[in-house]
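Participant: Kindly return the folded structure for what I paste below:
(one chain, ligands or ions: 2)
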Amino acid sequence: MSIKKAGVLGATGSVGQRFILLLTQHPEFEIHALGASPRSAGKPYSQATAWRQTELLPESVGNIVVQECKPEAFADCDIVFSGLDAKYAGDIEQAFVEAGLAVVSNAKNYRREPTVPLVVPIINPEHIDVVANRVNAAKAKGEKRPGFIICISNCSTAGLVAPLKPLVDAFGPIDALTATTLQAISGAGFSPGVSGMDILDNIVPFISGEEDKLEWETKKILGGVNAEGTEFTPIPDSDMKVSAQCNRVPVIDGHTECISFRFAKRPPPSVEQVKKALAEYECDAKKLGCHSAPKQTIHVLEQQDRPQPRLDRDRDNGYGVSVGRVREDPVLDFKMVVLSHNTIIGAAGAGILIGEILNAKGLI
Ligand SMILES: NC(=O)C1=CN([C@@H]2O[C@H](COP(=O)(O)OP(=O)(O)OC[C@H]3O[C@@H](n4cnc5c(N)ncnc54)[C@H](OP(=O)(O)O)[C@@H]3O)[C@@H](O)[C@H]2O)C=CC1
Ligand SMILES: N[C@@H](CC(=O)OP(=O)(O)O)C(=O)O
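Facilitator: Ligands and ions are numbered 1, 2, ... in the order given. The predicted model follows:
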């Protein structure tokens, strides 16, 4: 397989830095161009960014000059990963798609578009087929591959849908779901990010827009596609009630979520059947042989005090999701605690895995 040239937009931010780390260690991609705001453009990456990862900034990247986010500077890229601030992502990503580029975005701007896949690659990679259909239709007409965008979900939504999908596959629809999140500070990004004064010795019980995203995105990701294979059909609100409460906690990486849910079919499965379905779930990305696919998609932990962010967020290099305390719920059917790495499977890692799937399917 030939090495694909990758661009990163928003390369200096929290998600952008994670993209850099994952790309420099990747066998299928090489970094070709980096973009950020006009404040950073023209500077070597090492000066443009305030590097905040525990791994050192890869030497090969420090001297790359950061570009303005204009399609011309990225024209040779096979794929462009975006970690842009959502305030600017809309116009910039649209210009990249119109220029014929393949964009995989972390920003929220296009997630709700009916024709845009919203993908958690360990859960619903088949939604990428809507783009594949468009690409193949253009090819059949002898046209060049059109530009396209694939959106990565909100980071908490990624952790939430991870255990739900195997359970829906095994036991049918879920009709009621509650989630209380404990979200890491890396999720708030760097500009300006969360101040120490706000988060140390504290919990902040509000993250702007987050609850609505969990409640809406879950229904698109677990939903279907129309008969023509052109548009997504989210689960209707009347078929699935979702209620989320989101909190920021003093953890650097790793979002924890306490969830409860009920199956539509009665009687529900047993706790043991639920755990077995989770443990046996194998994601399609692994079946496709993708480099970053987790060996174990869902880690079912039996210790009574797990999962914990510091101990469990790096399972399967941050691409695996941990589930613990699976038990019956006296109000709904079951409750459990879910932990996912917010900047890996919830953001940049998801982007990389989507890139691997696109590569495996010949779409880039
Ligand atoms: N952090 C996370 O866990 C997750 C984040 N996301 C989403 O990913 C995106 C990035 O988030 P995050 O990395 O946390 O944010 P940061 O604030 O850390 O980074 C934002 C990036 O956008 C760039 N930028 C700012 N203004 C402009 C501009 N005018 N033109 C071009 N680039 C600009 C910044 O460049 P500069 O340094 O030059 O200002 C920086 O590279 C957001 O849309 C966010 O909602 C999604 C899921 C999870
Ligand atoms: N809001 C998330 C991260 C994020 O930026 O999500 P989104 O891309 O959905 O805005 C958090 O604070 O942890």
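
Participant: residues from the chain in reach of ligand 2?
Facilitator: Proximity of the chain to ligand 2, by Cβ under 6 Å from any ligand atom, involves residues Ala86, Asn106, Lys108, Asn154, Cys155, Gln183, Gly187, Ala188, Ile207, Glu210, Lys213, Asn342. Every C-beta, even on glycine, is put in place using the N, C-alpha and C of the backbone.

Participant: okay, those in TSV with secondary structure next?
Facilitator: As requested, the residues of the chain next to ligand 2 are exported to TSV (DSSP: H, G, I helix; E, B strand; the rest coil):
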residue	secondary structure
Ala86	helix
Asn106	coil
Lys108	coil
Asn154	coil
Cys155	helix
Gln183	strand
Gly187	helix
Ala188	helix
Ile207	coil
Glu210	helix
Lys213	helix
Asn342	coil
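
Participant: For ligand 1, what's the nearest residue on the protein?
Facilitator: Gly13 (2.0 Å; Cβ to the nearest ligand atom).

Participant: That residue contacts Gly83, correct?
Facilitator: Yes. Using Cβ atoms under 8 Å, Gly13 is in contact with Gly83, at 5.3 Å.

Participant: Of these two, which one has the most company?
Facilitator: Neighbour count, other Cβ atoms under 10 Å: between Gly13 and Gly83, Gly83 has more, with 29 against 25.

Participant: The more buried one: what's it in contact with?
Facilitator: Contacts for Gly83 (Cβ atoms under 8 Å, 6 or more residues apart in numbering) come out as 8-11, 13-16, 18-19, 106-107, 347-348.

Participant: List the beta-bridge partners for Ser105.
Facilitator: Counting by DSSP bridges, Ser105 forms beta bridges with Ser82, Cys151.

Participant: The spatially closest residue to Ser322 that is not a sequence neighbour: neighbour count?
Facilitator: Spatial nearest neighbour of Ser322, excluding adjacent residues (Cβ to Cβ, 6 or more residues apart in numbering): Pro307 at 3.8 Å. By other Cβ under 10 Å, the residues close to Pro307 number 24.

Participant: Tell me the predicted confidence for the residue lying closest to Ile92 once chain neighbours are set aside.
Facilitator: Spatial nearest neighbour of Ile92, excluding adjacent residues (Cβ to Cβ, 6+ apart): Cys69 at 4.7 Å. Note on Cys69: pLDDT of 98.

Participant: which residues does Cys69 contact?
Facilitator: Contacts for Cys69 (Cβ under 8 Å, 6+ apart) come out as Leu9, Gly10, Gly35, Ala36, Ser37, Leu84, Tyr88, Ile92.

Participant: Turn the buried ones among the residues of the chain next to ligand 2 into a named ChimeraX selection, would you?
Facilitator: The ChimeraX selection below is limited to those of the residues of the chain next to ligand 2 classed as buried (16 or more other Cβ atoms under 10 Å):
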select :106,108,154,155,183,187,188,207,210,213,342
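
Participant: Phi first, then psi, for Glu68.
Facilitator: The phi/psi pair for Glu68 (degrees, to the nearest 10) reads phi -70, psi 150.

Participant: Find the nearest non-adjacent residue to it, please.
Facilitator: Nearest residue to Glu68 in three dimensions, chain neighbours excluded: Ala41, at 4.3 Å (Cβ to Cβ, 6+ apart).

Participant: Quick check: the one you found is in a helix.
Facilitator: No. With three-state DSSP as the criterion, Ala41 is assigned coil and is not in a helix.

Participant: Does it touch Ala73 like I think?
Facilitator: No. Using Cβ under 8 Å, Ala41 is not in contact with Ala73; the gap is 9.2 Å.

Participant: hey, what's in contact with both of these two?
Facilitator: Residues touching both Ala41 and Ala73 (Cβ under 8 Å, 6+ apart) are Gly35, Gln67.

Participant: near ligand 1, which residues of the stretch 1-150 of the chain show up?
Facilitator: Close to ligand 1, as judged by Cβ under 6 Å from any ligand atom, the stretch 1-150 of the chain has residues 10-16, 36-37, 39-40, 69, 83-86, 88-89, 106-108.

Participant: Any of these buried? List them.
Facilitator: Among these, those classed as buried by 16+ other Cβ under 10 Å are 10-16, 36-37, 40, 69, 83-85, 89, 106-108.

Participant: Narrow these to those in strands?
Facilitator: Cross-referencing these against strands under DSSP state E gives Ala36.
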